[in-house]
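In: Sequence and computational prediction follow.
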Amino acid sequence: MSRHPLIRIEGLAKRFPEPTGKGTLTVFEDVWFTVDPGEFVCIIGHSGCGKSTILNILAGLDNPSEGTVIVGEQAIDGPSLDRAVIFQSHALMPWLSASRNVELGIASRHRDWTNEQVRAHARKYLSLVHLDGSEDKKPAQLSGGMRQRVGIARALAVEPKILLMDEPFSALDALTRGALQDEVLAIRQATEQTIFMITHDIDEAMLLADRIVLMTNGPKARIAEIVENTLPKGRQRTELHKYPNYYPLRNHLLEFLVTRSKELAGGVGAGDPRAPAIIRPVAEAGMGTDAADIGTVHTAAPYRSRPAPTRIIAHANGNAVSPNGDAVLKRPGRSS
Amino acid sequence: MAQSLALRAALLSIAFLAAFLALWQFAVSGTGTVADMDPEYAKLMGKTATQGTSAMPGPMEVGKKLWEHLRRPFYDNGPNDKGVGIQLAYSIARVLTGYLFAFLLAVPLGFLIGMSPLMSKALDPFIQVLKPISPLAWMPLALYTIKDSNASAIFVIFICSVWPMLINTAFGVATVRRDWVNVAKTLELGTWRTAFQVILPAAAPTILTGMRISIGIAWLVIVAAEMLVGGTGIGYFVWNEWNNLSITNVINAILLIGLIGMVLDQLMAQLQRLVSYSE
């Protein structure tokens, strides 16, 4: 892990006034995490936990009620070409051809370029997502998968520091989704692009992400823990289920979504929000592949100056343990 | 199947037309009672009184007159006798002038209203009050202030065509999909490029719908306006022919007004097709 994260999300909160007019509704609060350069981070949580809001804040399209997002050395202030967004509903301009859609951003990035240069650059990125020959087609003439490919090309073509993806494949059928996941995997291997993505799909997160941020249910959602992907690098979608760590990882994530996200909702059993627990689910030697367990527990490094005792809720064999339950580990190192 | 449907529809249309013409011919061909009168007196009276024929012209008569008009549309025998083409040209010129001014005001203002909730709220009461006013109610005020009948007619066209364009532009701009605006923001398109490359094309179909409604209303209103201001134009022609008791010419004018209105509407429909997009 790099010592200088590319994105630092510090104490983010979003609150709305209650519809009744009295008090405020907290969607999420105390959200702290970082994304390193070149890292692929997925965020998983149920609807209503505010993950789309977090992405919109990262994109500069929404403002947090509290907290800041620091990219590089600067707190973000509004949208920027350095943070490109791939929208859930492709959001292509239907009156423009695929190429013209991609050109929009390139023309902002390189204001001194001629039309020829802009067009050539657009063609390059459309070719990267295998859309050669469809440059002049309008979005209505393209299939759902092809439209999302144009959306990916449009985002990549501005050469952003960070790619933000808001459930980009959720509107696609399973086959197309798989093909596009492979595409993203290949692009990422080729470009080392830093990517932050929202998903509902556990297998998608396991295939693509280096780290998976798990959020508890809203309101008052927060980060429950951060799961490191224990599947080997260079993994393939079709081979995923054959890796020994597949089931421990999958069970851990699934179990979180099914039970623990609910149990931990509203701040029950919260650890230090600034240093969420980091979990590495691995297969235990000598056990079956469906045995889930906590592997190594890491200390969250970035905020050493503010240590706090963090309880990590451990669980074995895919069974949840209540926050006050038996398998509670003390964080190694200091405690206060 | 589609072709056969079009063909059958066309045949049916022709049948309806034929039936209508036959009915018309039948209705005007009957003779009424003829009163006995002094032959000297009868010379002063029209055929309705002396022979009992209908004062309403039949389709053949109207057709013959129409052919005359179409053969010589642009003759000019002085203020009271101009070719129907000249009269229509006057009307079309007034409509297009007033419409153009309305367009120049309504689209930018509508854009502003659509973009700014503050302006939308601030201007809404004025629009709500001004919109339902019959354009002809402005005529005396226009005549008094402008002191020119031609310009007053143009003003009336302006005021009647401004509202649909204004309201549709504001609505179209205000309801541009959030996603497209967000894309424009994240791609740093800036105010002007966002306005012209995202919001304007996105709102264009709605704006064109307003423009199409406006041209229709303008063409409706010009006839009435010209009846009031007189001098030239198809509206004046209708009223003048009524004063001449030429029902034939009145019917011809009605037919031509309908045809020109249809052409104007179709032109706007073509424009609409040009800017429409499918998602």
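Out: Okay, I see it.

In: longest helix of chain A?
Out: Determined from DSSP state H, the single longest helix within chain A is helix A:174-191.

In: For that one, which outside residues touch it?
Out: With Cβ atoms under 8 Å, 6 or more residues apart in numbering or on different chains as the test, helix A:174-191 has contacts from A:40, A:128-130, A:143-145, A:148-149, A:152, A:156, A:168-169, A:172, A:193, A:195, A:201, A:204, A:207-208, A:234, A:237. Where C-beta positions appear, they are placed from N, C-alpha and C, glycine not excepted.

In: now, which of those residues lie within strands?
Out: Under the assignment DSSP state E, the contacts of helix A:174-191 contribute A:Phe40, A:Ile195 to strands.

In: Could you report the pLDDT at the residue most central in space within chain A?
Out: Geometric centre of chain A, nearest residue: A:Cys42, 2.5 Å, by Cα atoms, centre = their mean. Confidence at A:Cys42, expressed as pLDDT, is 95.

In: separation between it and A:Glu167?
Out: 11 Å (Cβ to Cβ, to the nearest Å).

In: Show me whatever sits in contact with both of the two.
Out: Joint contacts of A:Cys42 and A:Glu167 (Cβ under 8 Å, 6+ apart) are A:Ile198, A:Thr199.

In: Could you list the contact residues of chain A toward chain B?
Out: Neighbours of chain B within chain A, by Cβ under 8 Å from any Cβ of the partner chain: A:59-61, A:78-81, A:83-85, A:87, A:89, A:91, A:93-96, A:104-105, A:108-109, A:138-140, A:154, A:158.

In: Please pick the buried ones from these.
Out: Buried by 16 or more other Cβ atoms under 10 Å in any protein chain shown: A:59-61, A:79-81, A:83-85, A:87, A:89, A:91, A:93-96, A:104-105, A:108-109, A:138-139, A:154, A:158, out of the residues of chain A next to chain B.

In: quick revisit: give me the secondary structure label for the residue nearest to the centre of chain A.
Out: Following DSSP: H, G, I helix; E, B strand; the rest coil, the label given to A:Cys42 is strand.

In: And B:Gln87, by the same measure?
Out: From three-state DSSP, the assignment for B:Gln87 is helix.

In: pLDDT score assigned to it?
Out: With respect to pLDDT, B:Gln87 scores 94.

In: got a list of what it touches?
Out: Contacts of B:Gln87 (Cβ under 8 Å, 6+ apart): B:Thr232, B:Gly233, B:Ile234, B:Tyr236, B:Phe237.

In: Neighbours of the nearest residue to B:Ile167 once chain neighbours are set aside, how many?
Out: Closest residue to B:Ile167 apart from its sequence neighbours, by Cβ to Cβ, 6 or more residues apart in numbering or on different chains: B:Gly210 at 6.6 Å. Residue neighbour count, defined by other Cβ atoms under 10 Å in any protein chain shown, stands at 26 for B:Gly210.

In: next one: phi and psi at B:Gly210?
Out: When read as degrees, to the nearest 10, the backbone of B:Gly210 gives phi -60, psi -40.

In: so it sits right up against B:Ala170, yeah?
Out: No. If you go by Cβ atoms under 8 Å, B:Gly210 and B:Ala170 don't touch, sitting 9.3 Å apart.

In: residues near A:Ile212, how many?
Out: If we define neighbours as other Cβ under 10 Å, then A:Ile212 has 26 of them.

In: Neighbouring strands - and their directions - for the host helix or strand of it?
Out: Applying DSSP states H and E as the criterion places A:Ile212 in strand A:211-215. Here strand A:211-215 is paired, per DSSP bridges, with strand A:40-44 (parallel), strand A:223-228 (antiparallel).

In: Point out where the stretch 101-250 of chain B drops to low pLDDT.
Out: Applying pLDDT under 70 to the stretch 101-250 of chain B flags no residue at all.

In: Next, show the common contact partners of B:Gly210 and B:Ala170.
Out: Shared contacts of B:Gly210 and B:Ala170 (Cβ under 8 Å, 6+ apart): B:Gly110.

In: Return the closest of the contacts of B:Gln87 with respect to B:Val34.
Out: B:Phe237 (33.2 Å; Cβ to Cβ).

In: Can you name the residues that contact the closest one?
Out: Counting by Cβ under 8 Å, 6+ apart, B:Phe237 has contacts B:Lys82, B:Val84, B:Gln87, B:Asn249, B:Ala253.

In: ok, the last one to B:Phe237 distance?
Out: Read that as B:Ala253. Going from B:Ala253 to B:Phe237 by Cβ to Cβ gives 6 Å.

In: Which neighbours do these two have in common?
Out: B:Val84.

In: what sits up against stretch B:128-146?
Out: With contact meaning Cβ under 8 Å, 6+ apart, stretch B:128-146 is reached by B:149, B:151-152, B:155-157, B:159-160, B:163, B:167, B:221, B:224-225, B:228-229.

In: Next, check these against the strands and list the overlap.
Out: Using DSSP E, none of the contacts of stretch B:128-146 sit in strands.

In: of the residues you listed, buried ones?
Out: Applying 16+ other Cβ under 10 Å to the contacts of stretch B:128-146 flags B:149, B:151-152, B:155-157, B:159-160, B:163, B:167, B:221, B:224-225, B:228-229 as buried.

In: Looking at these, which one is closest to chain A?
Out: B:Ile167 (22.5 Å; Cβ to the nearest Cβ).

In: check contacts around that closest one.
Out: Contacts of B:Ile167 by Cβ under 8 Å, 6+ apart are B:Gly110, B:Ile127, B:Lys131, B:Gly210.

In: Report the residue spans of the stretch 201-336 of chain A with pLDDT below the cut-off.
Out: Low-confidence segments of the stretch 201-336 of chain A (pLDDT under 70): A:267-270, A:285-336.

In: Could I get the full set of strands for it?
Out: Per DSSP state E, counting those that start in this stretch, the stretch 201-336 of chain A carries strands over the ranges A:211-215, A:223-228, A:277-281, A:294-298, A:311-313, A:328-330.

In: can you list the weak-confidence ranges in the stretch 1-150 of chain A?
Out: A:1-3.

In: rerun at 90
Out: A:1-5, A:16-26, A:29-30, A:45-50, A:72-73, A:88-90 (pLDDT under 90).

In: Could you list the residues of the stretch 51-200 of chain B in contact with chain A?
Out: Within reach of chain A by Cβ under 8 Å from any Cβ, the stretch 51-200 of chain B has these residues: B:177, B:179-180, B:182-190, B:193, B:197-198.

In: Tell me the buried residues within these.
Out: Among these, those scoring as buried are B:Asp179, B:Trp180, B:Asn182, B:Val183, B:Ala184, B:Lys185, B:Thr186, B:Leu187, B:Glu188, B:Leu189, B:Gln197, B:Val198 (criterion: 16+ other Cβ under 10 Å).

In: Inside helices: which ones of the residues you listed?
Out: B:Asp179, B:Trp180, B:Asn182, B:Val183, B:Ala184, B:Lys185, B:Thr186.

In: what about the closest residue in space to the third one that isn't next to it in sequence, which SS state?
Out: Yep, that's B:Asn182 we're talking about. Excluding the flanking residues, the one nearest B:Asn182 by Cβ to Cβ, 6+ apart is A:Leu61, at 5.3 Å. Under three-state DSSP, A:Leu61 falls in the coil class.

In: What backbone torsions are found at A:Leu61?
Out: According to degrees, to the nearest 10, A:Leu61 has phi -90, psi -10.

In: Quick one: residues contacting it.
Out: A:Pro79, A:Val85, B:Asn182, B:Lys185, B:Thr186.

In: for the stretch 201-336 of chain A, what spans make up the helices?
Out: A:202-208, A:246-255, A:261-263 (DSSP state H, counting those that start in this stretch).
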